[in-house]
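Trainee: output the structure for:
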Amino acid sequence: MIEKFVMDNWPLIAVAFVSGAMLIWPYVAGRRGGARLSTLEATQLINQKDAVVIDIRDQAEFARGHIANSRSFPAKVFEERRAELEKLKSLPVIVSCDSGQRAGPAAEKLRALGLQEVYVLGGGLNAWRDAGLPVAK
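Mentor: From the prediction side, this is the model:
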């Protein structure tokens with residue numbers, strides 16, 4: 001009986017499986033890179049522990065607008081600027097991009113380079129702007 005049900009309804013079962021996977025994927029992909037901070041948590045970390053915000057977008061994106069006092073460190077130059085990153089080992093680091101999706105893999109690279117306390121800004125610069133927080137140009 002179950003075999004007949006599966007054989008008769010396999011396309012529906014496949015659609016249900018694929019749609020479920022599509023709903024779960026953003027959550028799974030978004031968890032890459034470790035701890036995510038809300039904009040509130042990020043501002044508290046910046047104000048209370050002098051956290052450094054690293055913006056991993058390219059220079060053109062950074063020039064269009066970035067979190068005030070953030071540092072431009074495109075992910076592709078981490079190795080080249082390793083000496084600068086070494087100086088940040090004792091501070092909390094918040095990694096930012098536009099939406100938070102590119103920041104996860106970059107945060108993993110920073111940890112691999114020896115930074116201990118690395119966070120991802122959930123929602124990235126878009127969430128920062130939506131919260132009405134200051135953006136510099």
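
Trainee: could you use CA atoms for every contact and neighbour count after this?
Mentor: OK.

Trainee: just give the nearest non-adjacent residue to Ala106, would you?
Mentor: Once flanking residues are discounted, Ala106 sits nearest to Ala75: 6.0 Å by Cα to Cα, 6 or more residues apart in numbering.

Trainee: any idea how far that neighbour is from Met1?
Mentor: 55 Å (Cα to Cα, to the nearest Å).

Trainee: higher neighbour count, those two?
Mentor: Between Ala75 and Met1, Ala75 has the larger neighbour count (other Cα atoms under 10 Å), namely 19 against 6.

Trainee: C-terminal to the helix-or-strand element of the chain with minimal mean pLDDT, what's the next element?
Mentor: Every helix and strand of the chain was ranked by mean pLDDT, DSSP states H and E. The lowest is helix 2-30, at a mean of 69. Using DSSP states H and E, the next helix or strand after helix 2-30 towards the C-terminus is strand 36-37.

Trainee: which other residues reach whichever helix or strand comes after that following strand?
Mentor: Later in the chain than strand 36-37, the nearest helix or strand by DSSP H and E is helix 39-49. With contacts defined as Cα atoms under 8 Å, 6 or more residues apart in numbering, helix 39-49 is touched by Ala51, Val52, Leu91, Pro92, Ile94, Leu121, Gly122, Ala127, Trp128, Ala131.

Trainee: quickly list the domain ranges of the protein.
Mentor: If you go by automatic domain parsing, the domain ranges for the chain are 1-30, 33-136.
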